[in-house]
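J.: build the 3D model from these lines:
(2 chains)
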Amino acid sequence: MSLYVTLRIALRALSRNRLRSFLTTLGVIIGVAAVITMTAIGEGAKARIQAAFASMGTNMLVISPGSTTLGGVKGGSGTMPSLTWDDLKAIQRDVPSVRAAAAVLRSSASIVSETNNWSTSIQGTAPEYFDVRNWPMSSGSAITQSDVDTGAKVIVLGQTVVDQLFGRNADPVGQTVRIRQVPFTVVGVAAKKGQSPMGQDYDDTAFVPQSTFAQKIQGGLGKYLQGTIFVSAKSDADTGRAQDSIEALLRDRHQLRQNEDNDFQIRNLAEIASAQEEGTKTMTTLLASVAAVSLLVGGIGIMNIMLVSVTERTREIGVRMALGAKPRHVLAQFLIEALVLSIAGGIIGIALGVGLAILLGKRFDWPVLFQPQVILVAAGFSGLVGIVFGLYPARKASELDPIDALRHE
Amino acid sequence: MALIELEQIYKIYNAGSDAEVRALAGVSLSIAPGEFVAVMGPSGSGKSTLMNVLGCLDRPTSGRYLLDGKDVSRLGKNELAEVRNRTLGFVFQNFNLLPRMSALENVELPLVYAGVPARDRKQRSSEALELVGLAKRQDHHPNQLSGGQQQRVAIARALVGRPKIIFADEPTGNLDSRTSTEVMAMLQALAPTGITVALVTHEPDIAEYASRVIVVKDGLIVRDEQREARRAVVLETGEEHA
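T.: The predicted model follows:
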C-alpha cells in the first residue's frame, strides 16, 4: 500500500472531524508559534546589544580619575585630578596586554562655521583613540601624532556636527570652523557610529589634538590629565589581564598603601557586554523551555485524540483487517494521521510565529532575527511530537484482534 | 481436491483452568470448490468460532487446516491477513461498509491492501459493482443506500479480489424477506463460477438455499447433509424496490 494512499486515508479521516482536528492541532500550533516568536525576539535583542557594544569599541577599558571628598561630600567621578600624562605613557609602555591607550579630554563648546553654529562635546585626544574606539573616517584623515606634537589647529567632526554646520551630504574637509574665536581646519569626518546602548548620539562630537585642546580650550597642559583614558586590550581574553595590570601599575605609581582605596576607576565594557548577553541568553532559554512545554502539551493532546479515534473506529479497523490490512497498514494509517496533525500544526505554527514576531517587532520597534535552524528545529520537533505521541495509539490499533474489533459496537 | 480440509480442529479458551471452554472439540470437515454450505446451530454451539477459524480470523488451538492445499493453521498475523486478502471474501450481517467512503471506494479496499495500482483498482471495482447491479450508484455513500443495496456493495467488495471462498455471516439478518431473496440469489449464482460460499445462519428457510447444511452443537458437527437447494427467485422489479 503506497504512502500516497495512506496519506489520503489519513486526510479523509481528519477532515471528517474538522473542528476536532483543528483543536487538537492548536496545542502544537501555539507551541511552535511560541518557539519561533520568542527566539526571533530574543535573538533580535541579543544582536542589537552585540552591535551596540561593538560600536563602543572592542575589548575596551575606561579609566577615570577618582572623586574628591570635601567635608564628607563626594564630588563624583573625575573631580579629583589623579591621573597624570605620565600614567598614560606608563600604560602605553609597560602593560603588554594593552594594544592602544589614549586620553580623552572633554569639554562642551560652540563650533561656528561660516553660516551656522552648533554646541557639542569637543574631545581632545590622540591618534590611538580612533584605534581604541574602532572608529574609521568617512572622509579625510584622523588626527596624527605630528598634530599632537605640534599642537596643530585641526579638527575631526562627527557626522551630526557636519549635518548641523554644513548640511547633509556636505564634505567639509579643508573648511575652517571656529571654537572660542580660534580657527580650526577640518581634516576629517568620523564615520557614522549611531547611538550608544543608553541612547547617547556618538556622532554629536568633534575631536582636536589633545595638546591643542589643553592649550586653546582647557588652558594649560599641566601634569594632570583632566579627562579619561581609553584603553584597548589586545584581545577579549586580555581585557581582564590588562585591567589587573593597569590597576597594579597605577596603585604603584600613585603610591597607594594596601588598605587604601583606588584613587581612580577602571570600567570594563566587555564585562558589561557579556553580562548583558548572558541576561538575554537566559531569557531566550527560559522562553524556549516554556515553548517546549507547550509543545509537549500539544503532543499529549494529539495522543489523547488519537486514542479516542482508535476506540471510535475499532469496527473500521476490524473491517480493514478482515479485508486484508496487515498490522503495519493499520499502524501506518494512524501514525500518519498523528503526523499530519502535528506537521500541519508545525507549519501553521511557523507561519503564525513568523507573522507574530514581525508584527510585534513593528508594533514595539523591537528588532527580530529569524534563525533558519530554529525554524527547522521547530518543524522537526513538531514531526517528532507526532511520531512519539502517535505511536502508542497506532500500536494499540494495529494490535487489535480482528474478531474483537469486528464485534465492537 | 478439497478446497477446505479441517482435521481434528480444537479451539479451547482458558485451557487448563476451571473455566476451560471447548468452543471446537475436534472438528473435521472437507468442502469442495463450488459448494454452497450453510452452517447452522444454536448460539454458543461453536459455529461462530468455526467460521472465524475457516475465515482465517482466528487460529485453532490444535489441528490442521488446509486451505487450497496450504496449511494455514499456524500462520502469523501478517500471513493470515494475506490469505484473507487473496483467497477469502467476507459478507457481514451489518454490512460493515466504511461510512465516509463511496460505494466504489468501499469496493476498492481489498485491492488497496493487495497493492493493485489505482487505475486497475477503479476498473475492477466498477466491474464488481456492475455485477451486483449498482453501476449507477458507485458514487453514493452507504447512508444514501438501502440495506439491500448496502449488502450488494458488500458482496461486490467480497468478490473484487477474486476470492475462492465467500464467508457470509447472517447476510440477511438485517434485511426484509424480499431483499433477503435477492442477496441469496446473488450468492447462489456464485457456485457455478467455482466460488465456494460458506453461510452462517439460524434461519432454516435461508439455509434452504444452500446445497449442503452442517449443524454444529457443543463444538462438534452433529449433522452434515447434501440436499437439493431451493432456487432463489427474484421478482423482476429489482433496483427500484431496493
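J.: going forward, measure contacts between C-alpha atoms and count neighbours the same way
T.: OK.
J.: residue contacts, residue B:8?
T.: Counting by CA atoms under 8 Å, 6 or more residues apart in numbering or on different chains, residue B:8 makes contact with B:25, B:26, B:27, B:28, B:62, B:63, B:64.
J.: next up, the contacts around the spatially closest residue to the last one that is not a sequence neighbour.
T.: It refers to residue B:64. Residue nearest to residue B:64 in three dimensions, not counting chain neighbours: residue B:7, with 5.1 Å by CA to CA, 6 or more residues apart in numbering or on different chains. By CA under 8 Å, 6+ apart, the residues touching residue B:7 are B:26, B:27, B:28, B:29, B:63, B:64, B:65.
J.: tell me the spacing between the last one and chain A.
T.: When distances are taken as CA to the nearest CA, to the nearest Å, residue B:65 and chain A turn out to be 18 Å apart.
J.: also the third one?
T.: Noted for residue B:28: a distance of 22 Å to chain A, by CA to the nearest CA.
J.: show the pLDDT at that residue.
T.: pLDDT, residue B:28: 95.
J.: mind listing the strands for the stretch 51-200 of chain A?
T.: Taking DSSP state E, counting those that start in this stretch to define them, one finds strands in the stretch 51-200 of chain A at A:60-65, A:69-70, A:73-74, A:98-112, A:117-125, A:137-140, A:154-157, A:176-179, A:182-190.
J.: least trustworthy helix or strand in the chain by mean pLDDT?
T.: I went with chain A, as the question did not name one. strand A:69-70 (a mean of 56; mean pLDDT, DSSP states H and E).
J.: which SS class is residue B:133?
T.: With DSSP: H, G, I helix; E, B strand; the rest coil as the basis, residue B:133 sits in coil.
J.: so how many other residues sit close to residue A:370?
T.: By other CA atoms under 10 Å in any protein chain shown, the residues close to residue A:370 number 18.
J.: for residue A:361, see how far away it is.
T.: Counting by CA to CA, to the nearest Å, the gap from residue A:370 to residue A:361 is 12 Å.
J.: and which of the contacts of residue B:8 is nearest chain A?
T.: Closest approach to chain A among these (CA to the nearest CA): residue B:62, at 18.8 Å.
J.: so what touches stretch B:42-59?
T.: Identification of contacts with stretch B:42-59 by CA under 8 Å, 6+ apart yields A:322, A:402-403, B:11, B:23-24, B:39-41, B:60, B:72-75, B:80-81, B:83-84, B:88, B:167, B:200, B:202, B:216-220.
J.: residue of the stretch 251-400 of chain A closest to chain B, please.
T.: Counting by CA to the nearest CA, the stretch 251-400 of chain A gets nearest chain B through residue A:324, at 4.1 Å.
J.: enumerate every residue touching residue 183.
T.: Since you didn't name a chain, this refers to chain A. Per CA under 8 Å, 6+ apart, neighbours of residue A:183: A:153, A:176, A:177.
J.: um, chain B though
T.: Taking CA under 8 Å, 6+ apart, one finds B:148, B:151, B:152, B:171, B:172 in contact with residue B:183.
J.: those residues: which two are farthest apart?
T.: B:152 and B:172 (11.0 Å; CA to CA).
J.: rewinding a little: quick one, which of the strands of the stretch 51-200 of chain A is packed in tightest?
T.: Highest mean neighbour count of those: strand A:154-157, a mean of 26 (counted as mean count of other CA atoms under 10 Å in any protein chain shown).
J.: what lines up beside that one in the sheet?
T.: strand A:182-190 (parallel), strand A:205-209 (antiparallel) (DSSP bridges).
J.: count of neighbours near residue 167?
T.: Looking at chain A here, since you left the chain open. Count around residue A:167 with other CA under 10 Å applied: 13.
J.: other chain: chain B
T.: 22.
J.: ok, and what's touching the strand or helix carrying it?
T.: Element membership for residue B:167 (DSSP states H and E) is strand B:165-169. Strand B:165-169 is contacted by residues B:51, B:55, B:87-93, B:158-159, B:195-201 when judged by CA under 8 Å, 6+ apart.
J.: adjacent strands (with direction) for that strand?
T.: Under the criterion DSSP bridges, strand B:165-169 sits next to strand B:88-91 (parallel), strand B:196-200 (parallel) in its sheet.
J.: so how far is it off the chain centroid?
T.: 1 Å (CA atoms, centre = their mean, to the nearest Å).
J.: ok and whichever helix or strand comes after that strand relative to strand B:196-200, angle-wise?
T.: Sequence order places helix B:177-188 as the next helix or strand after strand B:165-169, per DSSP H and E. Taking axes from the mean of the first three to the mean of the last three CA atoms, to 10 degrees, one finds helix B:177-188 and strand B:196-200 inclined to each other by 150 degrees.
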